[in-house]
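J.: Need a 3D model of the following:
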Amino acid sequence: VSTNLSTISQHPGHPTQLTCDVTAVPVPAVSWYSLGSPLKPTMIKSRGDLSISIKDYKDGRMTSSLLFHNVTPASYGGYSCNATNTEGQASVIIHLVQPLTGSGRERLCQTVNSVLVVVVMGLLGR
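T.: Numbering: from 1, shown residues only. Now for the predicted structure:
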């Protein structure tokens, strides 16, 4: 499971999507989780303002997207794209953040990247 962008920034009131690429054989089940609570991630299901899409599985690859039709302040936070099959499981974390300006934005990105490294290393058992 991978992503091109680990942090997506979007203003409230606009649409955006988080995307992960999955490479797995046999076909995996892909699910999205909100990481709002570190103790209990919440599985996301499509609803009026939020959609999950999966592009065709071909040659062991697929793309899954979490589409926000209208970003709100409650949308900001961490999300996990998880893939599971009989061979194992893998995940990637993507953060949705509100755009900032100037040096504040740089500090936020540095902080988010540091947190991502710790979380990913924890998933890998390091």
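J.: those helices in the protein, which residues are they?
T.: Secondary structure of the chain by DSSP state H: the helices cover 102-123.
J.: which secondary element of it has the worst mean pLDDT?
T.: Lowest by mean pLDDT, DSSP states H and E among the helices and strands of the chain is helix 102-123, with a mean of 42.
J.: ok, the nearest residue to residue 61 once chain neighbours are set aside to residue 58 distance?
T.: With sequence-adjacent residues excluded and distances taken as C-beta to C-beta, 6 or more residues apart in numbering, residue 61 is closest to residue 23, at 5.2 Å. Every C-beta, even on glycine, is put in place using the N, C-alpha and C of the backbone. Remark: distance between residue 23 and residue 58 (C-beta to C-beta, to the nearest Å) = 11 Å.
J.: When these two are compared, which one has more neighbours?
T.: Neighbour count, other C-beta atoms under 10 Å: between residue 23 and residue 58, residue 23 has more, with 13 against 7.
J.: circling back to that earlier point, per-residue pLDDT of the residue nearest to residue 61, please?
T.: As predicted, residue 23 sits at a pLDDT of 96.
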